[in-house]
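>>> Sequence and predicted model, in that order:
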Amino acid sequence: MSVPKSLLPKGSVDQVVGWANWTGSRFGLVLLAFAALYPVLTGDQSLLLQYIPIGIYAIVTVGLNFCLGSAGEFALGQAGVFAAGAYTAGILTSEYHWSFWVALPFAVVVAAGVGLLAGAPGLRVGGWYFALTTLFVAAVIPEIAEVSPHTGGQQGIGTIPFPSVAGVTLSYTQLYLFILFSLVVLMLLLANFMRSRWGLAFVSMRQSNRAAESTGIAVLRMKLLAYTIAGVFAGYAGAILPHIDGYLSPDAFPFSLSILFIAAVTIGGIGSFAGPVVGVALLQILPNAVSGFTKYSLLIYGSLLIIGMIFIRDGLVPTARHLWVRLVVATSRRRGWVADDHPPPRTDVEVDDAVDAAIAEELESFRAAGRAAAGGPLDGVLEGTRRDPLVVDGVSKRFGGVQALEGVSLAAEPGQLTAVIGPNGSGKTTLLNMVLGFYSVDAGRITLGDRVLSGRRPFQVSRAGVARTFQTPVIIPGRSCCENVMSGMFRQRRVTVAEILVRAPRARRDWLAARTKALDLLDAVGLGPEAEREASSLTAGQQRLLEIARALATDPVAILLDEPAAGLVGHEVTALATLLAALRDQGYIVVLVEHNVNLVMSIADHVVVLDQGRVVADADPASVQADPRVLACYLGEVANA
C-alpha cells in the first residue's frame with residue numbers, strides 16, 4: 001500500500017506525523033459515522049434493532065473509559081449503576097406514569113448517586129479495592145430487583161411505555177437517532193472537558209497520585225468526580241434501555257455485562273476517543289455470528305479481554321492510528337519527502353487542532369512583547385515575591401521500629417538555597433515527604449510563615465505555596481512537554497465547568513493563557529525548543545528540568561528538589577546550577593536534597609547535614625566542609641569514594 005505523493009506534505013517528520021494523525025482521525029470518524037448510520041440509510045429494521053443496544057452500551061463504555069483511561073480507576077461495577085438507572089426510569093414511567101423525558105434526569109441522578117455511595121469507600125484506598133467495591137454494586141442491584149415488589153421481582157416490569165414527543169410515539173428509527181445524538185453530544189462534552197485544566201489534572205492523577213497532589217490536586221475528590229461522571233453516563237444509558245422493549249427484568253444485567261463493558265474499553269483502546277465505541281460494536285456484533293453465544297458469553301468476553309490485553313495492548317483504535325502514522329512516515333522517508341530524520345513524536349496521541357487562531361495570535365504577541373522587555377530568562381515568568389520562611393521545628397518520625405527523623409530543625413529563608421545532604425538512609429527524602437504532608441508528623445511542626453503545614457494533606461500544602469520534584473521524574477507519557485507543565489496549573493483555573501463543556505470563548509482563552517505560561521516556563525528552564533515533543537522521549541536530565549518547570553507552574557513560594565542532579569552529565573549539571581541560582585535570586589525558598597557535593601557547595605547559601613535522622617551540622621558551606629562530624633559521617637566517605 002502506498003500513499004499518493006500529492007496527498008503528503010513536504011517538511012519535517014513532525015509535520016508529516018501531524019498530517020497523518022489529522023487525516024487518520026478524520027477518516028476514522030467518517031467511517032464510524034457511516035457504520036452507525038448504515039441501518040438508517042438502508043431502512044433495515046432488523047439491523048436497526050441490533051444497533052440500538054450497541055448505541056446504549058457505547059454510552060456506558062464512553063463514561064467507563066473516562067474513569068479508567070483518565071482517572072486510572074478500574075470500575076468493574078458499571079453494569080450495576082446501569083441497572084440502577086434502568087430500574088429508576090422503568091418504575092417512574094410505568095408505575096407513576098412520568099414522561100420519559102422527565103424520568104431521564106431523575107434516573108441519571110439516582111444512578112450516579114448509587115454508584116458514588118457504593119464506590120466511595122473503595123476510592124479512599126483505590127486500586128483493586130475500588131474495583132471490588134464497585135463489583136459489589138453490579139452483583140447487588142439485580143438481586144434487589146428480584147425481591148422488590150416495585151420491580152416485579154423475577155417477572156420484571158412489563159408496562160413500560162415507549163418514548164413519545166407531543167403525544168406522538170417515536171419510531172425505532174427516531175429512537176436510534178436520539179441515542180446516536182446523545183452519544184455524540186456526550187462524547188463532545190467529554191472531549192471539551194478533557195481539553196482543559198481539569199482534563200490534564202485527571203491524566204496527571206492517573207500517572208501518579210503523589211505527583212498530582214504535589215501540584216495542588218485533591219486526588220480523592222477528583223476520583224469521586226471521575227466515578228460520578230462515569231455514573232452519569234451509565235445512568236443515562238440505563239434510563240433508555242427499558243423503553244426499547246417496554247419490559248425490564250434482572251436477566252438484562254448478567255455478570256457478563258460488566259465484563260463486556262471492561263472488555264469493550266480494553267479492546268477498543270483505553271483513553272482513546274472512539275475506542276470504546278468500536279470495542280462495544282465488535283463485542284455486540286459477535287453474538288450474531290456465533291450460535292449459542294449467550295450460554296458461553298462470560299467465557300468468550302473474558303477470553304477476548306485477555307487476548308486483547310496480551311496481543312493488542314494499546315487497543316484497536318490506537319494501534320490502527322499508530323500503524324497509519326508509521327506507514328505515512330515510512331513512505332515519506334523512502335521517497336525523500338521529509339527534511340529530517342528525527343523519530344516521530346506522539347504517534348499514539350490524537351492531534352488537537354481546535355485552537356482559536358485569533359486568540360492564539362493575540363496571546364503569542366503579548367507573550368513576545370513581554371519576553372522582549374524582560375531583563376533575564378526568568379523575569380516576568382516567576383512570581384516568588386512572598387517573604388515567608390519555611391521552618392521545620394523539632395520534627396520526628398518513626399516507622400515501626402525505625403526512627404527515620406528525630407528532632408530535626410531547619411529554617412529555609414526566601415532568596416536562599418538551603419541544601420540538605422547526608423549518607424543514604426539519613427532521612428533526607430523522608431524530610432521532604434514530611435514537609436509536603438505525605439507522612440504525618442509524630443512530633444514538632446512545620447510552618448511557612450504564619451501558616452502551619454504539618455497535619456495538612458499534600459494538596460493543601462501545595463496550595464499553601466510549596467512545590468517539589470521527585471527522585472525519579474514523574475511525567476505524563478503520551479503528552480507533550482507543554483501539556484506536562486500545564487498539568488501543574490490546575491488550581492489556577494478561572495472558568496466554570498459549564499464554560500469548559502461548551503468551549504466558550506473564556507474557556508479557550510484560559511487554555512491558551514495556560515499554554516502561554518507553560519511555554520515561557522519551558523523557555524526559562526531551557527526546554528523551549530522541546531515544547532511539543534513527547535515528554536517520555538526526553539533524556540533523564542531534560543525530564544528533571546521539565547519536572548522543575550511543572551513545579552514552578554504551581555506558583556510556589558518554596559521549591560523542594562529531591563536529587564535533581566542524579567543522572568545528569570556535565571553540561572546538564574551546569575544548566576541545573578544556573579537555574580537553581582536564578583530561582584534563588586528571584587526570591588524563592590529553594591531546598592535542595594542532593595548527593596552531588598560539588599554542586600551543593602558551589603551554589604548553597606547554607607547546608608544542613610543529616611545522619612541517622614538527626615541534624616549533625618547546620619551552617620554555611622565552608623563551615624560544613626571543615627566540620628569533623630560531617631567529615632566522619634559523610635564528606636570523608638565521599639572523598640574516599
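Good, I have the coordinates.
>>> what about the helices in the stretch 51-200 of the chain?
78-94, 100-123, 127-147, 172-194, 197-207 (DSSP state H, counting those that start in this stretch).
>>> Can you say which of those helices is nearest to Leu257?
helix 78-94 (4.1 Å; CB to CB). Where you see a C-beta, it was placed from the backbone N, CA and C, and this is true even at glycine.
>>> Hey, what's the angle from that closest one to helix 100-123? Just curious.
150 degrees (axes from the mean of the first three to the mean of the last three CA atoms, to 10 degrees).
>>> Direction-wise, compare helix 78-94 with helix 127-147 and give the angle.
Using the same axes, to 10 degrees: helix 78-94 against helix 127-147 is 30 degrees.
>>> Please state the offset of the helix or strand containing Leu610 from the chain centre?
For Leu610, the host element (DSSP states H and E) is strand 606-611. Computed by CA atoms, centre = their mean, to the nearest Å, the chain-centroid distance of strand 606-611 equals 37 Å.
>>> hmm, back to that, winner for burial among the helices of the stretch 51-200 of the chain?
Sort the helices of the stretch 51-200 of the chain by mean neighbour count, taking mean count of other CB atoms under 10 Å, and helix 78-94 sits at the top with a mean of 29.
>>> Using CSV, write down the CA coordinates of it.
Provided in CSV are the C-alpha atoms of helix 78-94 (Å, rounded to 0.1, in the frame of the first residue of the first chain):
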residue,chain,number,x,y,z
GLN,A,78,-20.8,-0.2,35.8
ALA,A,79,-23.5,-2.8,35.0
GLY,A,80,-24.9,-2.2,38.5
VAL,A,81,-25.1,1.6,38.0
PHE,A,82,-26.5,1.0,34.6
ALA,A,83,-29.2,-1.2,36.2
ALA,A,84,-30.0,1.4,38.8
GLY,A,85,-30.7,4.0,36.0
ALA,A,86,-32.8,1.5,34.1
TYR,A,87,-35.0,0.5,37.1
THR,A,88,-35.4,4.1,38.2
ALA,A,89,-36.7,5.1,34.7
GLY,A,90,-38.8,2.0,34.4
ILE,A,91,-40.5,2.4,37.7
LEU,A,92,-41.2,6.1,37.3
THR,A,93,-42.7,5.8,33.8
SER,A,94,-44.7,2.6,34.4
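>>> sorry, back to before: could you give me the buried positions within the very next helix or strand once past the strand holding Leu610?
With elements assigned by DSSP H and E, the helix or strand that comes after strand 606-611 is strand 614-619. Within strand 614-619, the residues scored as buried using 16 or more other CB atoms under 10 Å are 614-618.
>>> for the next helix or strand after strand 614-619, packing partners?
Once strand 614-619 ends, the next helix or strand along the chain (criterion: DSSP H and E) is helix 621-626. With contacts taken as 3 or more CB pairs under 8 Å, 6 or more residues apart in numbering; DSSP states H and E, helix 621-626 sits against helix 597-603, strand 606-611.
>>> Swap in 7 Å and give it another go.
strand 606-611 (3 or more CB pairs under 7 Å, 6 or more residues apart in numbering; DSSP states H and E).
>>> got the angle for the strand it packs on vs strand 614-619?
Going by the same axes, to 10 degrees, strand 606-611 makes 160 degrees with strand 614-619.
>>> And strand 606-611, what does it pack against?
Packed on strand 606-611, when contacts are counted by 3+ CB pairs under 7 Å, 6+ apart, are strand 416-421, strand 614-619, helix 621-626.
>>> what do you get if the cut-off is 8 Å, keeping everything else the same?
strand 416-421, strand 614-619, helix 621-626, helix 628-630.
>>> Could you tell me how far the shortest one lies from the centre of the chain?
Just to be clear, that refers to helix 628-630. 46 Å.
>>> likewise stretch 489-505?
16 Å.
>>> And stretch 75-90, by the same measure?
The answer for stretch 75-90 is 25 Å, by CA atoms, centre = their mean.
>>> Can you list the buried residues in stretch 593-612?
Using 16+ other CB under 10 Å as the test for burial, stretch 593-612 gives 593-597, 599-601, 603-604, 606-611.
>>> what's the closest of the helices of the stretch 51-200 of the chain to Gly268?
helix 172-194 (13.0 Å).
>>> What lies in contact with the closest one?
36-37, 39-40, 45, 48-49, 51-52, 55-56, 58-59, 62-63, 66, 70, 162-163, 170, 199, 202-203, 229, 233, 236, 240, 243-244, 273, 277, 497, 500-503, 507 (CB atoms under 8 Å, 6 or more residues apart in numbering).
>>> which residues touch Glu499?
Counting by CB under 8 Å, 6+ apart, Glu499 has contacts 506-507.
>>> Same question for Ala212.
Contacts of Ala212 by CB under 8 Å, 6+ apart are 201, 204-205, 219, 222.
>>> just curious, which of those is nearest to Gly156?
Using CB to CB, these come closest to Gly156 at Met222, 37.7 Å.
>>> any idea which residue sits dead centre in the chain?
The residue lying closest to the centre of the chain (CA atoms, centre = their mean) is Val203, at 0.9 Å.
>>> May I have the predicted confidence score for that residue?
We have a pLDDT of 88 for Val203.
>>> Do I have it right that it meets Ser480?
No. Counting by CB atoms under 8 Å, Val203 stays clear of Ser480, with 11.9 Å between them.
>>> What is the neighbour count of the nearest residue to Thr134 once chain neighbours are set aside?
Of all residues not flanking Thr134 in the chain, Gly77 sits nearest, at 3.4 Å (CB to CB, 6 or more residues apart in numbering). Applying other CB atoms under 10 Å, we find 29 residues neighbouring Gly77.
>>> Spatially, which two of the buried residues of stretch 593-612 are the most separated?
Ile603 and Asp611 (22.3 Å).
>>> For the chain, which segments are assigned as strands?
164-165, 168-169, 390-399, 402-412, 416-421, 443-448, 451-452, 466-468, 558-562, 589-593, 606-611, 614-619 (DSSP state E).
>>> which residues touch the last one?
Applying CB under 8 Å, 6+ apart, the external contacts of strand 614-619 come out as 406-410, 422, 606-610, 623-624, 627, 629-630, 633.
>>> would you put the C-alpha positions of that strand in PDB?
Extracted C-alpha coordinates of strand 614-619, given in PDB (Å, rounded to 0.1, in the frame of the first residue of the first chain):
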ATOM      1  CA  ARG A 614      19.500  13.700  63.200                       C
ATOM      2  CA  VAL A 615      21.000  17.100  62.300                       C
ATOM      3  CA  VAL A 616      24.800  17.000  62.800                       C
ATOM      4  CA  ALA A 617      25.600  20.300  61.100                       C
ATOM      5  CA  ASP A 618      23.700  23.400  60.100                       C
ATOM      6  CA  ALA A 619      26.000  26.200  58.700                       C
END
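>>> List the strands paired with that strand, with their directions.
strand 606-611 (antiparallel) (DSSP bridges).
>>> for Leu248, which residues make a bridge with it?
Here Leu248 sits in beta bridges with Ile157, going by DSSP bridges.
>>> was I right about it contacting Gly85?
No. Using CB under 8 Å, Leu248 is not in contact with Gly85; the gap is 11.1 Å.
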